[in-house]
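A.B. asks: Just the structure for this:
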Amino acid sequence: MNEFRSEGSAVLHAQSLVKCYQEGNNELEVLRGVELVVEQGDILAIIGASGSGKSTLLNLLGGLDDATRGSVSIAGNDLSQLNDRATGKLRNRYLGFVYQFHHLLPEFTALENVAMPLLIRGDKPVACQERAAAMLEKVGLGHRLRHKPSALSGGERQRVAIARALVTEPALVMADEPTGNLDERTAEQVQALMLELNRSLGTAFMIVTHDRDFASRCPKQYELHDGVLRQL
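C.D. replies: Residues are numbered from 1 along each chain as shown. Just a heads-up that it's a prediction; the model follows:
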């Protein structure tokens, strides 16, 4: 039975989002009234200087941290109304995550790493392996299924991480500096892959990056500056 509602075309909706931290007796406001809507199939880039709060924003939007004020809804479900377990299930269903450092489990093969989110949510092992293999094929690694991360190049490891984010068929993939740890040529290949996957799968992508050239290839671009998010 579907325990989450799915309303309209908005995959994610942030309203008046504020994040503050205490520094002694002072309150540091990192995010100030962020407004953002991500529609189905969008691909958008968020740029900003180091320390501008991009990762903090991504953590709030992905339900990995709580806002001080404001709200985040995923497919019409207000995260503030969900407990930790329900938030986790919502993330597993609607969101995928890619980070600068791939965070693959070193003792498992590429196939096993990609299948992990499906196994965690309780899908049958054979089906998990089949879907993981199909997704690795889509990212160009159908010939590397049995290789462990140590036997893969940096670009290949990040492709595995992208496949893992997509294997659950999420509505939105959140990527935090996904090519920041790659050389220029490999970064361009991974960027082209993400743009193609957005087109072919219809999955929305939110890409936090310092790379303005990469950002310029995304139809929607935002800049986070002094805690304020504005569309470019």
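A.B. asks: Which neighbouring elements make contact with the helix or strand hosting Q158?
C.D. replies: Element membership for Q158 (DSSP states H and E) is helix 154-166. Under the contact definition 3 or more CB pairs under 8 Å, 6 or more residues apart in numbering; DSSP states H and E, helix 154-166 sits against strand 95-99, helix 110-120, helix 125-138, strand 172-176, helix 184-201. Bear in mind the C-beta positions are built from the backbone N, C-alpha and C, glycine included.
A.B. asks: let's see it at 6 Å
C.D. replies: Packed against helix 154-166 by the contact rule (3 or more CB pairs under 6 Å, 6 or more residues apart in numbering; DSSP states H and E) you find strand 95-99, helix 110-120, helix 125-138, helix 184-201.
A.B. asks: Tabulate those (TSV), appending mean pLDDT and distance to Q221.
C.D. replies: Formatted as TSV, the helices and strands packed on helix 154-166 follow (pLDDT from 0 to 100; distance: least, CB to CB, whole Å):
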stretch	mean pLDDT	distance to Q221
strand 95-99	89	19
helix 110-120	92	29
helix 125-138	93	26
helix 184-201	87	14
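A.B. asks: how about CSV for these, with distance to G53 and mean neighbour count added?
C.D. replies: What follows is those, written out as CSV (distance: least, CB to CB, whole Å; neighbours: other CB atoms under 10 Å):
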stretch, distance to G53, mean neighbour count
strand 95-99, 17, 22
helix 110-120, 27, 21
helix 125-138, 32, 17
helix 184-201, 23, 16
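A.B. asks: What score does the nearest residue to E177 once chain neighbours are set aside have for pLDDT?
C.D. replies: Once flanking residues are discounted, E177 sits nearest to Q100: 3.9 Å by CB to CB, 6 or more residues apart in numbering. pLDDT for Q100: 76.
A.B. asks: Enumerate the beta-bridge partners assigned to the residue nearest to the spatial centre of the chain.
C.D. replies: By CA atoms, centre = their mean, the chain has its centre lying nearest to M174, at 1.6 Å. M174 has these beta-bridge partners by DSSP bridges: F97, M206.
A.B. asks: Please report how far it lies from A132.
C.D. replies: Per CB to CB, to the nearest Å, M174 is found 20 Å from A132.
A.B. asks: related to what we said a few turns ago, got the angle for the helix holding Q158 vs helix 184-201?
C.D. replies: Angle of helix 154-166 versus helix 184-201, following axes from the mean of the first three to the mean of the last three CA atoms, to 10 degrees, is 20 degrees.
A.B. asks: what's stretch 86-96 in contact with?
C.D. replies: With CB atoms under 6 Å, 6 or more residues apart in numbering as the test, stretch 86-96 has contacts from 62-63, 74-75, 77, 79, 121, 165-166, 170-173.
A.B. asks: Check the offset of it from the chain's centre.
C.D. replies: Distance, stretch centre to chain centre, for stretch 86-96: 11 Å (CA atoms, centre = their mean, to the nearest Å).
A.B. asks: Buried residues, it. List them.
C.D. replies: Neighbour counts over stretch 86-96 (16 or more other CB atoms under 10 Å) mark T87, L90, R91, R93, Y94, L95, G96 as buried.
A.B. asks: Stretch 12-28 too?
C.D. replies: Those would be L12, H13, A14, Q15, L17, V18, K19, C20, for stretch 12-28 by 16+ other CB under 10 Å.
A.B. asks: Who does the second one form a beta bridge with?
C.D. replies: With DSSP bridges applied, the residues forming beta bridges to H13 are V37, S73.
A.B. asks: Could you do the last one as well?
C.D. replies: For C20, the beta-bridge assignment (DSSP bridges) gives partners E29.
A.B. asks: And the pLDDT for it?
C.D. replies: Reported pLDDT for C20: 89.
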